[in-house]
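1. Starting from these lines, generate the structure:
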Amino acid sequence: SSHRAAGVAEALAGADSAVTEIIAVGREHTEAWRIGSTNLNVWPAYDNEGKSSGFEARHSLSITCTDIASAGDLLAALATKVGDRLQVEGFGLEVSDTARALDSARAGAYADAVARAGHLAELAGARLGAVQAMAEGGPTGPIGVAEGGMARDMMKSVAIEPGETTIAATVTVTFALD
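-> Numbers count the residues shown, from 1 in each chain. Below is the predicted model:
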């Protein structure tokens, strides 16, 4: 939320008014502990001619929802109830529980390492022996991010598409050659 006013106190009060509404709407769509302030700034404001025109306050929040439908409903409700005082800096999608996907990626990485090492051993005229050492690298890969616009007067819910998320694992395996 952002608000411009003649004085610092008024700018903060205006931003706080919108934040109070945003928090109330947020609590209708997610748990209170998933709503938190991330930043609060106050700075001098200037008009188009460079003359002082008061102060601007910006209070940023982060609101987390557990599913895409709730996030879309939240954005629509915020646009409707907070109106033009709402500023959406963006939103991100992330996988909240990656354990099974990482296990699968790790198994695939190991199988790939064995297949590649076996092929290389064959090319060298040897057989793949026992594993001598193994190390796991950190999971890598992009977490899907989506962006969307809002038309306050036209929406009942904001459609959010999850797209595809990549979860990867890297392993380094050292084998003996027989």
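
2. max-length helix in this protein?
-> Taking DSSP state H as the criterion, the chain has its longest helix at helix 99-123.

3. Just name whatever secondary elements that one is in contact with.
-> strand 128-140, strand 168-177 (3 or more CB pairs under 8 Å, 6 or more residues apart in numbering; DSSP states H and E). Heads up, the C-betas are built off the backbone N, CA and C, glycines and all.

4. Show me which positions of that helix end up buried.
-> 101-102, 105-106, 109-110, 113, 117, 121 (16 or more other CB atoms under 10 Å).

5. So which of the helices and strands packed on helix 99-123 is nearest residue 65?
-> With CB to CB as the criterion, residue 65 lies closest to strand 128-140 of the helices and strands packed on helix 99-123, at 23.7 Å.

6. Show me what the closest one is packed against.
-> Strand 128-140 packs on helix 99-123, strand 168-177, going by 3+ CB pairs under 8 Å, 6+ apart.

7. Next, format those as CSV and append distance to residue 88.
-> Output for the helices and strands packed on strand 128-140, formatted as CSV (distance: least, CB to CB, whole Å):
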stretch, distance to residue 88
helix 99-123, 29
strand 168-177, 30
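
8. Export those to TSV and append columns for distance to residue 53 and mean pLDDT.
-> Output for the helices and strands packed on strand 128-140, formatted as TSV (distance: least, CB to CB, whole Å; pLDDT from 0 to 100):
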stretch	distance to residue 53	mean pLDDT
helix 99-123	51	88
strand 168-177	50	85
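
9. Tell me which of the helices and strands packed on helix 99-123 sits most buried.
-> strand 168-177 (a mean of 15; mean count of other CB atoms under 10 Å).

10. Tell me the strands beside it, with direction?
-> Strand 168-177 has its sheet partners listed here by DSSP bridges as strand 128-140 (antiparallel).

11. The strand it pairs with versus helix 99-123: what angle between them?
-> Using axes from the mean of the first three to the mean of the last three CA atoms, to 10 degrees, the inter-axis angle of strand 128-140 relative to helix 99-123 is 140 degrees.

12. what's next to strand 128-140, contact-wise?
-> 98, 102, 105-106, 114, 117-118, 121, 167-178 (CB atoms under 8 Å, 6 or more residues apart in numbering).

13. Please repeat the previous calculation with a cut-off of 6 Å.
-> 102, 117-118, 121, 168-178 (CB atoms under 6 Å, 6 or more residues apart in numbering).

14. Over to stretch 51-68?
-> Defining contact as CB under 6 Å, 6+ apart, one finds that stretch 51-68 is touched by 1-6, 8, 11-12, 15, 19, 26, 30, 34-47, 71, 74, 160, 162.
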